[in-house]
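Engineer: Prediction below, plus the sequence it came from.
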Amino acid sequence: MSEATRSPLPDVIVIGGGIQGCSTALHLARRGVKVLLIEKDHVGRHASGVNAGGVRRLGRHFAEVPLSVASMEIWQSIKDLVDDDCGFESHGQIKVAETEAELATQRARVERTRLLGFTHEELIGQAELRDLVPAIAPNCVGAIICRSDGAAMPYRTTLAFKRKAESLGARILEGVHVTALKHIGQVWRVESEDGTHEAPIIVNCAGAWADRIAAQLGEPVPLEVIAPMLMITARMPAFVKPVIGAQGRTLSFKQYDNGTVLIGGGYRGRPNRDTNWTDLDFGKLADNARTAAALFPIMAGAEIVRAWAGIEARMPDDIPVIGPSLTSEGVFHAFGFSAHGFQLGPAVGRVMAELITTGATNVPIDGFGIGRFDTVRAA
Amino acid sequence: MTTEPELKSDYDVAIVGAGPAGLAAAAVTAGCGLSTVLLDENPGAGGQVYRAIETTPVRDPKILDRDYTDGQDLILDLKDTTAQHVRNAVVWSLAQDGEIGVSIDGRAHMLRAKRTILATGAMERPFPIPGWTLPGVMTAGGAQTLLKASGIVPEGRIVMAGCGPLLWLCAYQLLQAGCNVQAILDTTDPAAQRSSIRHAARFATSPYVTKGVKLMAAVRRKIRVITGVTALAAHGDGQLETVTYSAKLGPVDRMTADHLLLHHGVIPNVNLAMSVGISHTWDDLQLCWTPNVDSFGTTSISGIAIAGDGAGIAGALAAQCRGRLAGIAAVRAIESNATGLPDELTVRRDLTHAMRGRRFLDHLYRPSRAFRIPTGDTIVCRCEEITADQIKATVALGVEGPNQMKSFLRCGMGPCQGRLCGTTVTELIADVRGVSPQDVGYYRLRPPVKPITLAELAGLPQTEDATKAVVRL
């Protein structure tokens, strides 16, 4: 006997238990929608649980700025939404310029952001940078700062979204692999190792595995499976509060209150999405280490105790796919966040819930349609 | 054998660990002409059991006993080969494609081998009792390491506690070295003793039996042995002062001590093996994670084998045989026409002999639940000072395994990354959840499996990808 006949039919099935799927389930449940979320491993197992935790509007692709700003409003009172502060701390995010040319690029960026009507990015000079980050290398000449950006604990956050969604009536199935999707009459039949589930609406939040769902719907996408690497040090004396990036290098750098320092920058390991395995590339981590030591001389003596990588999806234009399927009625996509989806999670769930329940959203998501890829138009 | 510290970028065979398994494996592969590198983090070969065999300052053979000097034969077997033994080589990473990250004297290197044999041996089982983090409390194995490598012994009143062959061997060695061992608090579980009896006859034919019986008798003549010990705890103000215990469920007794040496048997050191993704199974008899291997040490990851106690505890004599078998498999995989291989059947016969009576020891010295699954405010994770009660409370929140727990407690996130507490944490969570440790799983171990400095990492050569990554901006 199928699962569907034993329990009341859900209105929506969300595939994928990362931050986007859990947030979508939560926002739907808040609106009284019956949701079933199906996750192949456990919630937060991949990118959503092991990313750098950056809660960053700074430096976003212009298409993402409105969504990112909308999400930050949710982050500011995240506890009201999920009953947990998610470890969110807002000591600002700073992207340093090491040359006058880099600073000029940053000035142009800030001006353009203002013309679009956003004021969260500010340019600061060398003196203020030194004041805010005394440990920074003396060659840095200025920076862009987003003062209320910050960082949170990724796994704890994703789990908080899951728990709150469950408390509002969402059902979460973990360790269940979706094997096929079939449209039968007005409902979608989701086949899994655990049996069959049915709902009129499907949301594809399957991250690095989302292209397989899209392909089944006749809209294959050029999704690249990536494994951005991170490393963390043993405890060090406190020397930096904000999260630091760099204009001319790939770096993401943060010291936690407990003294450990997280170092990333999007250098990639080698993922295998069929085995959930990632091999690290220490040649690239060495470059990451050189960058950290160049910007923070104190780091030369730091002890690296762990390095890791999570598996996630990257789209060719580095922005996500958000919106309805073009081939299949009742199917929506939210995937391909290209290594910077964590901060967007709270708003993406709300946008998906709005799209599903009202057919529209006030947050501009025009740039994210699945139709932007040649593969989809050709299909 | 050379001890050339300069590494090549490629080898036929890389062996990690120069204990009995690693030395024996290297002798086979290098003996057949394969380029072989033997990486070991110690200043000399020998592993734990034959530690510092070439350099020990302890010259009196009575102290360390005759079996210790047997290690010299393994070194001799390697002497005439081309194997490159690299000392002070800390292996901190192994990838599924065979790439190895190693640091030597503060410099990091990457190298590759067609076949890798992990001979990383055993580590002492964590022994979490109240007060075990006090200065003055250490493991018996730690004390033995100091004795072998540096000739240093604990001064003052020593109390030893726990069970297992190594506890008795260490007590014997400390006695021979003139130490003041006041008592052995024997925690051997009476129920385990009963269940071991049916394996006793087999143990009577073990190569270890004569030595074991003599050694225990010698220790009992000189040291007070208190059996049936439970409720063991260490006390002191910033330093060990007293040890309390209950014998045979009697009233709590107290003993003053300057040193408490704890030992509860050894378990495979799985850190490197787990970090490369080799599949493991929880062994309900030995109460530890054991890699899934065949009789050649072949693992679930192609090209990577495990030999010796790292593949399941069986002792030094068995480790040599398992090292030879892993060596034979590596040679056959790389050079099918190789000559000079040892006779496989002889090695297997030696292995069977070395393994005789193992089950008796496994049953007899199976540590009791109370010493594996701590309660109350006993520290479990030493790095982050996380207690048993904190872990239990987190499980009550719905956390199902050690990895999810990290976000709540930082348990296993300190400098040792769970290398010391992992087994305890798994068993504790399993106990609270009422499931098997197999269902709870283990920490997802990641490289570096030993800490390296950022400067060491930064010293690796520039990659082409990195240049591209910067240009992409």
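Structural biologist: Perfect, I can see it now.
Engineer: At which residues are the helices of the stretch 201-350 of chain A located?
Structural biologist: Taking DSSP state H, counting those that start in this stretch as the criterion, the stretch 201-350 of chain A contains helices spanning A:210-216, A:282-295, A:345-358.
Engineer: Report the buried residues of the longest helix belonging to chain A.
Structural biologist: Longest helix of chain A, by residue count under DSSP state H: helix A:100-115. Of all the residues in helix A:100-115, those buried under the rule 16 or more other Cβ atoms under 10 Å in any protein chain shown are A:102-103, A:106, A:109-110, A:113. Just so you know, the C-beta spots here come from the backbone N, C-alpha and C atoms, and that holds for glycine as well.
Engineer: The closest residue to chain A within the stretch 51-200 of chain B - how many residues pack around it?
Structural biologist: Among all residues of the stretch 51-200 of chain B, residue B:95 sits closest to chain A, at 4.5 Å; criterion: Cβ to the nearest Cβ. The tally of other residues near residue B:95 (other Cβ atoms under 10 Å in any protein chain shown) stands at 24.
Engineer: Give me the nearest residue to it, chain neighbours excluded.
Structural biologist: residue A:279 (4.5 Å; Cβ to Cβ, 6 or more residues apart in numbering or on different chains).
Engineer: tell me the mean pLDDT over stretch A:202-215?
Structural biologist: Here the mean pLDDT over stretch A:202-215 is 98, rounded to a whole number.
Engineer: mind checking how far that stretch is from the chain centre?
Structural biologist: Taking the mean C-alpha point of stretch A:202-215 and that of its whole chain, the gap between them comes to 15 Å (Cα atoms, centre = their mean, to the nearest Å).
Engineer: which parts of it are buried?
Structural biologist: Residues of stretch A:202-215 classed as buried: A:202-211, A:213-214 (neighbour count, 16+ other Cβ under 10 Å).
Engineer: cool, and stretch B:320-337?
Structural biologist: The neighbour-count criterion (16+ other Cβ under 10 Å) identifies B:320-331, B:333-334 as the buried residues of stretch B:320-337.
Engineer: returning to that earlier point: between the buried residues of helix A:100-115, which is closest to chain B?
Structural biologist: residue A:102 (9.6 Å).
Engineer: That closest one and residue A:126: what is the separation?
Structural biologist: As defined by Cβ to Cβ, to the nearest Å, residue A:102 lies at a distance of 12 Å from residue A:126.
Engineer: wait, what's in contact with the closest residue to residue B:270 other than its chain neighbours?
Structural biologist: With sequence-adjacent residues excluded and distances taken as Cβ to Cβ, 6+ apart, residue B:270 is closest to residue B:289, at 5.2 Å. With contact set as Cβ atoms under 8 Å, 6 or more residues apart in numbering or on different chains, residue B:289 has these partners: B:267-268, B:270, B:274, B:280-283, B:423, B:426, B:442.
Engineer: bridging residues for residue B:289?
Structural biologist: residue B:282 (DSSP bridges).
Engineer: what ranges of the stretch 251-379 of chain A fall below the confidence cut-off?
Structural biologist: Judged against pLDDT under 70, the low-scoring parts of the stretch 251-379 of chain A cover residues A:376-379.
Engineer: what residues does the stretch 201-350 of chain A put near chain B?
Structural biologist: Taking Cβ under 8 Å from any Cβ of the partner chain as the criterion, the stretch 201-350 of chain A approaches chain B at residues A:233-234, A:247-250, A:258, A:260, A:263, A:266-267, A:275, A:277, A:279-287, A:289-290, A:292-293, A:299-308.
Engineer: Make TSV out of the buried residues of stretch B:320-337 and add pLDDT and secondary structure.
Structural biologist: Formatted as TSV, the entries for these read as follows, by pLDDT from 0 to 100; DSSP: H, G, I helix; E, B strand; the rest coil:
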residue	pLDDT	secondary structure
B:320	96	helix
B:321	97	helix
B:322	98	helix
B:323	98	helix
B:324	98	helix
B:325	98	helix
B:326	98	helix
B:327	98	helix
B:328	98	helix
B:329	98	helix
B:330	98	helix
B:331	98	helix
B:333	97	helix
B:334	96	helix
